[in-house]
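K.L.:
just a sequence and a predicted model for now, questions to come.
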Amino acid sequence: MSEPGIESKPSAPPADYHFLVKRLHSLSGLVPIGAFLVIHLLTNARILAPGLVPGEEFQKGVDQIHGLGPMLLPVEIVFIFLPLLFHSLVGFQIMRTGKNNPRYYHYNSNIRYSLQRWTGVIAFFFIMYHVWQMHWFGEPIGGGKFDPEHAALSAAKAIQSVWWIAPIYAIGVVASVFHLTNGIWTSLITWGVTIKPRSQRAAGYVCATFGVIVALIGLGALNGFKRFGADTVIPKSSHTMAGESDRNVG
Amino acid sequence: MSTNDHHHDGHGGNGHGHSNERMVSVRVLRQENPHSGSHWESFEVPYEHGMNITTVLLRIAANPVTTDHHETTPIAYDSCCLEEVCGACTMVINDRVRQGCSALVENLLKDSPEGITLQPMTKFPVVRDLLVNRKPMFESLKKIKAWVHVDGYYDLGGGPRISQKEQEKAYPLSCCMTCGCCVEACPQFNDHSAFIGPAAISQAVLFNAHPTAKVDRDDRLAVLSGAGGITDCGNSQNCVKVCPKGIPLTDSIAQTGRDTTIYKFRQWFGR
């Protein structure tokens, strides 16, 4: 037989393993990674809450998390870092098997397909940078700027240290939130929850609304850190800040 | 129409008086044989009212001379029904996959007045010019057992009755002509992925819903939950948008997502 391309299709690896890996990829994106992202951004948004001391509310949130004490590191590793690593590795593998074509087929869903891959890559490198900059893991190599004892101040200093850091965070947050939001939408199809176009469209509206809210929370928090110290010490601004915090944190 | 009004002498105005005729520029990606490289050739074809891509290819075959006056060979292509039910003449027209027979030149020129480009589908091995080998699609259908298993040496009698409701669900899925549009537009179907594609997934749904073909349901779900199966879908949903038969392919895909989830949980945790 001289039919080029037909026999060259990759042969199937063990089937059970394949399904499990792909479904765990889908699940890990929702829980724990997606859930963690939302909790993380909500905690960050507490920087916007008013208090006697600037950043007091945010410090309380950080204290709650660090209340885990010696259990914090294992919890971080099992529920954040390992799932992230797994999700990223499988994600890059999925990217390798696809050929984006929105240039010729510019349907919304196809553009989202491409965006899902690009935002995944952006989120991956942003998270690497973010962990290096903030987590104590990064300390030996010049990072690890976040100090849980002085949560608001250390985070704000890190964000404000160079002008391009806030824009990078804004891009990273928006990319991560898009990736999560679109991931929720596709996971509903993957697991067979939304089948008909009508239910998929409805889920689309719900996911988009959710995404916009989470992105605003994340960007609001980022703005809080960016402006921390600039006007928080001036008492008269505390009223407007209270109004904002009700919307974002509640 | 206005061009015809100018022809007082020529009824139909074909073949002669090229200077007065509206010409259609057609660029074709040509390939001698499965192993050779490809190159573009340009042609000028006199416009005819109501002409489709099949007409264009017939006119080129009748006079295979390129725009720069080179004698060439007629363009090889596949065709059969000429009414968009067989899928044989599927090709990439102006960068989008569709059937040549139902692609009207008039409409194509509205979107792209500068001319028409014809390419073979990119997801299949090219035999020659626009003719491709769609064998991978049929291999996928074999994998998911896209048939009703009724082989036997004796009369099995009438099959079970199928309700009107089930018929209405099955009919659209049965319209698939394995043309290749869905896999051509699918970013997940290519030479470095084992994905069997939307058409085969949808056929599995069709046969799993059939009261007699149901006996092979678990075999189909085993293939669909394996490598190259449903988990390789990336939800770009191009398939349903390019399908010329309007088959609800994404419904079939989501249904398969649900069915394989249940099937796998049944496997992992016993019956």
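P.N.:
Done, it's in.
K.L.:
could you say which helix or strand holds B:Val127?
P.N.:
Mapping B:Val127 onto the secondary structure by DSSP states H and E places it in strand B:126-128.
K.L.:
next one: B:Glu44
P.N.:
Assigned by DSSP H and E, B:Glu44 falls within strand B:38-46.
K.L.:
next: A:Met95.
P.N.:
Per DSSP H and E, A:Met95 falls inside helix A:82-96.
K.L.:
is there proximity between the strand holding B:Val127 and chain A?
P.N.:
No - with C-beta under 8 Å from any C-beta of the partner chain as the measure, strand B:126-128 is seen stopping short of chain A, the closest distance being 8.7 Å. Placement of C-beta: from N, CA and C, glycine included.
K.L.:
quick one: that strand to chain centroid distance?
P.N.:
On the basis of C-alpha atoms, centre = their mean, to the nearest Å, strand B:126-128 sits 16 Å off its chain's mean C-alpha point.
K.L.:
parallel or antiparallel, which strands does that strand pair with?
P.N.:
Counting by DSSP bridges, the strands paired with strand B:126-128 are strand B:131-132 (antiparallel).
K.L.:
and the strand it pairs with, how far out from the chain's middle?
P.N.:
Put simply, strand B:131-132 sits 11 Å off its chain's centre (C-alpha atoms, centre = their mean).
K.L.:
now it: mean pLDDT?
P.N.:
Strand B:131-132 shows a mean pLDDT of 98 in the predicted model.
K.L.:
can you list contacts of it?
P.N.:
Contact partners of strand B:131-132, identified using C-beta atoms under 8 Å, 6 or more residues apart in numbering or on different chains, comprise B:76-78, B:120-121, B:124-126, B:180.
K.L.:
which members of these are classed as buried?
P.N.:
With neighbours counted by 16 or more other C-beta atoms under 10 Å in any protein chain shown, those contain buried members at B:76-78, B:120-121, B:124-126, B:180.
K.L.:
among the residues you listed, which one lies nearest to chain A?
P.N.:
B:Pro125 (3.9 Å; C-beta to the nearest C-beta).
K.L.:
got phi/psi on that closest one?
P.N.:
Taking degrees, to the nearest 10, you get phi -70, psi 130 for the backbone angles of B:Pro125.
K.L.:
excluding residues flanking it in the chain, which one is nearest B:Glu71?
P.N.:
Distance criterion C-beta to C-beta, 6 or more residues apart in numbering or on different chains; nearest residue to B:Glu71, sequence neighbours excluded, is B:Val65 at 5.9 Å.
K.L.:
what about the one you found, how many neighbours?
P.N.:
B:Val65: 12 surrounding residues under other C-beta atoms under 10 Å in any protein chain shown.
K.L.:
contacting residues around it?
P.N.:
Taking C-beta under 8 Å, 6+ apart as the test, what B:Val65 contacts is B:43, B:71-72.
K.L.:
return the members of those classed as buried.
P.N.:
Among the contacts of B:Val65, those classed as buried by neighbour count (16+ other C-beta under 10 Å) are B:Phe43.
K.L.:
what's the closest of the contacts of B:Val65 to chain A?
P.N.:
Out of the contacts of B:Val65, the one with the shortest distance to chain A is B:Phe43. That distance is 22.6 Å, counting by C-beta to the nearest C-beta.
K.L.:
so how far is A:Val212 from whichever residue of chain A sits closest to chain B?
P.N.:
When C-beta to the nearest C-beta is the measure, chain A has its nearest residue to chain B at A:Gly192, with 2.3 Å between them. A:Gly192 sits 26 Å away from A:Val212, taking C-beta to C-beta, to the nearest Å as the criterion.
K.L.:
now A:Ala230
P.N.:
Taken as C-beta to C-beta, the span from A:Ala230 to A:Val212 is 26 Å.
K.L.:
quick one: the helix or strand where A:Ala221 lies near chain B?
P.N.:
In the assignment (DSSP H and E), A:Ala221 maps to helix A:197-227. Yes - contact between helix A:197-227 and chain B is present through A:197, A:200 (criterion: C-beta under 8 Å from any C-beta).
K.L.:
does B:Arg217 touch B:Leu206 like I think?
P.N.:
No - using C-beta atoms under 8 Å, B:Arg217 and B:Leu206 do not qualify as a contacting pair, with a distance of 11.8 Å.
K.L.:
comparing the two, which residue is more hemmed in?
P.N.:
When neighbours are counted by other C-beta under 10 Å, B:Arg217 and B:Leu206 differ, and B:Leu206 comes out ahead with 21 against 17.
K.L.:
surely the more buried one touches B:Leu173?
P.N.:
Yes - under the criterion of C-beta under 8 Å, B:Leu206 lies in contact with B:Leu173, with a separation of 4.0 Å.
K.L.:
which residues do the two both contact?
P.N.:
Shared contacts of B:Leu206 and B:Leu173, defined by C-beta under 8 Å, 6+ apart, comprise B:Ser252.
K.L.:
send the alpha carbons of the helix or strand containing A:Val38 over as PDB?
P.N.:
The secondary structure element spanning A:Val38 is helix A:35-45 (assigned by DSSP H and E). Listed in PDB are the C-alpha atoms of helix A:35-45, where the atom choice follows Å, rounded to 0.1, in the frame of the first residue of the first chain:
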ATOM      1  CA  ALA A  35     -11.500  27.200  43.300                       C
ATOM      2  CA  PHE A  36      -8.100  28.300  44.600                       C
ATOM      3  CA  LEU A  37      -7.900  31.100  42.100                       C
ATOM      4  CA  VAL A  38     -11.200  32.500  43.200                       C
ATOM      5  CA  ILE A  39     -10.400  32.200  46.900                       C
ATOM      6  CA  HIS A  40      -7.000  33.800  46.200                       C
ATOM      7  CA  LEU A  41      -8.400  36.800  44.400                       C
ATOM      8  CA  LEU A  42     -11.200  37.200  47.000                       C
ATOM      9  CA  THR A  43      -8.500  37.200  49.700                       C
ATOM     10  CA  ASN A  44      -6.500  39.800  47.700                       C
ATOM     11  CA  ALA A  45      -9.500  42.000  47.400                       C
END
